Each structure stands twice: as structure tokens, then as C-alpha cells.
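K.L.:
Kindly return the folded structure for what I paste below:
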Amino acid sequence: MRAPSRTMPPAPIHKPKWWAWIFVTALFAGLAYWSWQQPYLVAVLFAVLGVLVWIQTIWQTHSRRRLAASRHEESICRFARSFGLGADSWILRAVYEEFSRFIAVDRRAIPIRREDRCSEDLKIDPEDFDDLARDIAFRARRSMDACDKNPFYGKVKTVGDIVTFLEYQPLIVEPCTAPNGGPATQLGNSGVTEEPPSVS
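P.N.:
Numbering: from 1, shown residues only. The predicted structure is shown next:
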């Protein structure tokens with residue numbers, strides 16, 4: 001019997017690759033040199049960029065506060081009920097918790113719905129969605145191997161679609177302990193690899 005979904009592992013902590021530090025260092029070095037060559041132009045460009053980022057942040061925060069206010073009485077229970085009794089509870093909890101935390105506002109998770117569109121309603125960038133999909137698959141213990149053969153590959157638009165997509169992915173079989181305290185035997189592939197389902 002499978003353990004309750006509340007016992008699932010947390011999402012893994014992603015550490016930057018070594019080449020990412022080299023890229024960031026080179027980027028800052030280039031900006032420093034450009035600032036030294038054309039300080040006024042760089043100052044104007046950074047000021048304009050700062051204003052645009054500030055406007056976008058204010059708009060996104062206001063939008064998410066309105067969304068949170070409209071759903072303040074909703075919970076994971078309502079979300080799970082919208083899928084019926086046959087849905088995998090581990091996938092449902094992983095999807096709900098990861099999406100809710102990602103779009104959180106004022107340090108409060110926002111309830112999500114099955115029909116929420118990832119791009120239009122939740123404003124999740126495709127690259128961020130790919131990272132979310134990997135984290136959700138890891139927590140729900142679903143392999144991402146051969147996900148391009150999934151009938152929902154490239155067709156994920158809503159939160160409900162990602163649930164259905166993951167239900168088609170193979171379940172990761174956890175290692176079991178051999179009798180008499182012997183070494184554990186790996187019964188299946190426990191890696192979460194390959195490409196995540198792209199938002200179309």
C-alpha cells in the first residue's frame with residue numbers, strides 16, 4: 001500500500017552549475033567595462049530597466065493579490081475533489097503545493113484550480129514551468145523518461161493537463177531492502193530525467 005501523499009519528499013534544492021558562475025562573472029566584468037567606457041548611457045539604460053521591472057512587479061503583485069482574495073476560502077480539498085476519486089493523490093498534492101507556492105504573494109500560497117491556464121491565468125513563464133514540472137515529478141515519484149511519447153506531450157495548457165500528463169508517466173519504483181538486512185535492491189529507474197512537458 002502506498003504511503004499517504006503528505007509523506008512525500010520536498011522538492012530538491014537546485015544548485016547552480018559551475019559554468020553558471022563563470023557566465024555571471026563574465027557578465028559582470030563586461031558590464032563594469034561598459035560602465036567605465038560609457039557611464040552616462042549605462043546609467044540611463046539601467047534607470048529605464050529599473051522602472052520597467054518595478055512596474056511589472058507592481059502589476060504582478062496586484063494581480064496575484066486579487067487572485068488570492070477571490071480564492072481565500074479554497075483549499076487542496078476542493079482541488080482534489082475536482083479530479084474525482086481515481087486521481088493519484090501524490091500527483092495532486094505535488095501539483096497543488098508547488099504551483100501554489102510558486103505564485104504566492106505576500107508569503108502566502110494562492111489556491112489553484114484544475115482549469116487554471118498556466119500562462120494566461122497563473123502567468124507562469126514556460127522556462128519556470130519546466131522547472132516546476134521536474135520538481136512535481138520528483139515529489140510525486142513519477143519518471144520523466146520518454147516523456148516525448150506521452151500523449152499529452154506539448155499539449156499541456158492547464159493545471160489539470162499537467163496532472164493528466166504525469167498520470168501517463170511511469171511510477172518510480174522505490175528501492176526495497178533485501179531480507180536479513182542485506183543490501184537494498186533497485187527495482188526501477190528512480191531518476192527524474194529527460195524533458196518536461198512544454199506549455200503549448
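
K.L.:
And the strands in the chain?
P.N.:
Counting by DSSP state E, the chain has strands at residues 176-177, 184-185.

K.L.:
Mean pLDDT lowest where, among those?
P.N.:
Least confident of the strands of the chain, judged by mean pLDDT, is strand 184-185 with a mean of 36.

K.L.:
domains of the chain?
P.N.:
Annotated domains of the chain cover 17-70, 74-200 [automatic domain parsing].

K.L.:
Give me the pLDDT value at the residue nearest the centre of the chain.
P.N.:
For the chain, the residue nearest the mean C-alpha position is residue 132 (1.4 Å; C-alpha atoms, centre = their mean). Per-residue confidence (pLDDT) for residue 132: 93.

K.L.:
still on that earlier bit, tabulate the domains of the chain (TSV), appending distance to residue 11.
P.N.:
(Each C-beta comes from the backbone N, C-alpha and C, glycine too.) TSV is the format used below for these (distance: least, C-beta to C-beta, whole Å):
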stretch	distance to residue 11
domain 17-70	18
domain 74-200	4
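
K.L.:
highest average neighbour count across these?
P.N.:
Of all the domains of the chain, domain 74-200 carries the top mean neighbour count, a mean of 17, counting by mean count of other C-beta atoms under 10 Å.

K.L.:
Off-centre distance for that one?
P.N.:
Taking C-alpha atoms, centre = their mean, to the nearest Å, one finds the center of domain 74-200 at 8 Å from the center of the full chain.

K.L.:
before we move on, back to that, surely the residue nearest to the centre of the chain meets residue 125?
P.N.:
No. Look at residue 132 against residue 125 with C-beta atoms under 8 Å: they stay out of range, at 10.0 Å.

K.L.:
Averaged pLDDT, the longest helix that the chain contains. What do you get?
P.N.:
Scanning the chain for the helix with the most residues, using DSSP state H, yields helix 39-70. Helix 39-70 carries an average pLDDT of 92.

K.L.:
Summarise which helices and strands it is packed against.
P.N.:
The contact analysis (3 or more C-beta pairs under 8 Å, 6 or more residues apart in numbering; DSSP states H and E) places helix 39-70 against helix 18-37.

K.L.:
So what's the gap between the helix it packs on and the chain middle?
P.N.:
Relative to its chain's centre, helix 18-37 lies at 29 Å (C-alpha atoms, centre = their mean).

K.L.:
by how many degrees do that helix and helix 39-70 diverge?
P.N.:
For helix 18-37 against helix 39-70, the angle by axes from the mean of the first three to the mean of the last three C-alpha atoms, to 10 degrees is 130 degrees.
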